[in-house]
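[1] Predicted model and sequence follow; I will ask about them next.
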Amino acid sequence: MNTLTCPNNAITALPQFYNNIGTSDTNHTANFDGDSNSYSAQALAAVNITPGATIQHNGVHFVWPSSAPGTNNNVQANGQVINTTGTTGCTLGFLGAGTNGPQNGAIMVTYNDSATQTFQLTLNDWFFNTPSDGTDILATTLLNKCANAFVINPTKTIQTITLPVREKLHIFAIGTTCLPGGLKCTSNAASTALSQFYNNIGTSDTNHTADFDGTHDSYSAQALAAVNITPGATIQHNGVYFVWPSSAPGTNNNVKANGQVINTTGLMGCTLGFLGAGAPGEQGGSVIVTYNDSATQTFRLTFNDWYSNSPASGTDILATTTWNTCSNGVCTPGNHQVSIYYSGFAINPTKTIQTITLPVNTNLHIFAIGTTCLPGS
C-alpha cells in the first residue's frame, strides 16, 4: 500500500488573510457578493462542507475554513503573499468563486530555490452554476463554488503563493495532492505503447527522406542530435520524463492523432506530458485518460504549428532546430527553424492509467508521452 505524505502549509497560511464573510445562517448575516447575498451554512452542510472539514476533490486535499457563519472565511484576492514553507505536491488547487461575473488573475508560485511558476486562475461567477474552462464545480447548493488546479513541480517545496490583484475573485481554500511513496518511474510504458501506432515519418537525414508536414519537409536528425534528441534518448522536461522514439531517420516515429487508444497499464505520475507539434497550423483535440478503476479525465491538447516557433497557450518549446526539405531521395537543410512543443496535464498520482485515447485530428503529431517520476521512487 502506498504511503501518502501531505505537507500542505497553504491550509494554515491562508486564514490570516480572510477579509470577506461568505457564509451565513439564520442568525448570522454575511455579504459575499456586495449585495448582501451569501452561501447558506445549512445548505453547505447538506453536501458535507462544514467548518474545518477535510475535502478531497480530483485528488487534491483541502481544509474548509473553520470560521463560524457570519465571520470572515474567504480571501478577496488583492496581491496577498501567502507564506507556505514546506508545501509540496503534484497539483496546486483552489476553491472559490467570482462575483459580478467570471473573475481571473495571475497566481505566482515561488519555490524554495527561488524558481517561479505563474498560472492564470479563473473562477466563474458563483451565480452561474457553470464552470469556466479548466475548472469544475465542487458543490452546487443554492449557489455554487468552483475548483481550479495547476501542475506544480513535485520535487520542490513551495515558499510562497502570490494571489492575483482581483478583489472580486474569492478564495476559500488552497490545497495540494498528497504524494505517494515507493513508486517507480513508468514513462517507458507510455513510449512502448505509443510506438505501435507510429504512422508518420517525421525525421530525415541526408540519405533518408521524411514527410512530416505533407509537403516533404521534416525534422533534421542531425539538428536534433545537436540538442541531445536522439533515437531512444531519455528526455526530461518540466519534471516529466520521456523516451524519444528509437526509430531510425526515414522511418515512422510519430503518431498523427486519429482517436487511437493507447494501452498504458501501469503508467503513473503527477503529470502526463506530450511532445509534438501541429502541421499545418495550430492543432488540438481532446485526450481522454482512463484509470484502472474506470474513472476518466479529459484534457484539451493543443500544439502550435512546428514552423511558427511560438508555443500555444499553456505549452512551451522543447527544442527549436533547423529542418530538412527533401526531394528526389535527398534531404538538405532548409532556411527556417522548426520546433517541438511540450504540453502537460495534472493526473491523479494515486491511480494507474489504463488507456490514453488520442484526439481525432490527423494534423496533430505526437512523438512521445511521459509522466513525472514520483518522490520516493
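    Cool, got the structure. Numbering: from 1, shown residues only.

[2] which parts of the one helix or strand I366 maps to are buried?
    Following DSSP states H and E, one finds I366 within strand 360-372. For strand 360-372, the neighbour count (16 or more other Cβ atoms under 10 Å) marks N361, T362, N363, L364, H365, I366, F367, A368, I369, G370, T371, T372 as buried. Backbone N, C-alpha and C define where each C-beta goes, glycine included.

[3] Tell me the one of those nearest T85?
    Of all the buried residues of strand 360-372, T372 has the smallest distance to T85: 22.3 Å, by Cβ to Cβ.

[4] any weak-confidence spans in the protein?
    Applying pLDDT under 70 to the chain picks out residues 1-11, 129-147, 178-189, 373-377.

[5] can you list the domain ranges for it.
    4-180, 187-372 (automatic domain parsing).

[6] what ranges do the helices span in the stretch 251-377 of the chain?
    Here the stretch 251-377 of the chain has no helices by DSSP state H, counting those that start in this stretch.

[7] Which stretches in it count as strands?
    Secondary structure of the stretch 251-377 of the chain (DSSP state E, counting those that start in this stretch): strands at 255-258, 261-267, 271-278, 283-291, 296-303, 315-327, 330-346, 353-357, 360-372.

[8] before we move on, what about the stretch 51-200 of the chain?
    54-57, 60-63, 75-78, 81-87, 91-98, 103-111, 116-123, 135-140, 144-151, 158-162, 165-177, 179-180.

[9] Distance to A45 for the strands of the stretch 251-377 of the chain - can I get that in a markdown table?
    Listed next are the strands of the stretch 251-377 of the chain as a markdown table, based on distance: least, Cβ to Cβ, whole Å:
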| stretch | distance to A45 |
| --- | --- |
| strand 255-258 | 45 |
| strand 261-267 | 39 |
| strand 271-278 | 35 |
| strand 283-291 | 31 |
| strand 296-303 | 29 |
| strand 315-327 | 41 |
| strand 330-346 | 29 |
| strand 353-357 | 36 |
| strand 360-372 | 37 |
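
[10] For G89, which of those is the nearest?
    Smallest distance to G89 across the strands of the stretch 251-377 of the chain (Cβ to Cβ): 9.8 Å, for strand 330-346.

[11] Check which residues of that closest one are buried.
    Quick answer for strand 330-346 (16+ other Cβ under 10 Å): C331, G334, V338, S339, I340, Y341, Y342, S343, G344, F345, A346.

[12] can you pull the contacts of the closest residue to E167 other than its chain neighbours?
    Setting aside the residues directly before and after it, E167 is nearest to Q76 in space (Cβ to Cβ, 6 or more residues apart in numbering), at 4.5 Å. When contacts are counted by Cβ atoms under 8 Å, 6 or more residues apart in numbering, Q76 touches N19, N20, E167, K168, L169, H170.

[13] The fourth one contacts G96, correct?
    When you say that, I think you mean K168. No: taking contacts as Cβ atoms under 8 Å, K168 lies outside contact range of G96: 10.7 Å.

[14] Look at those two and report which has more neighbours.
    Using other Cβ atoms under 10 Å as the criterion, K168 and G96 rank with G96 on top: 25 against 18.

[15] Return the distance of the nearest residue to the more buried one once chain neighbours are set aside relative to A221.
    In space, and not counting its chain neighbours, G96 is closest to I171: 4.2 Å by Cβ to Cβ, 6+ apart. As for I171, its distance to A221 is 49 Å (criterion: Cβ to Cβ, to the nearest Å).

[16] Looking at these two, which has the bigger crowd around it?
    I171 (26 against 23).

[17] Distance of that one relative to P311?
    I171 is 28 Å from P311, where distance means Cβ to Cβ.

[18] Please apply the same query to Y39.
    39 Å.

[19] Between these two, which is the more surrounded one?
    Each of Y39 and P311 has its neighbours counted (other Cβ under 10 Å); Y39 has more, 25 against 17.
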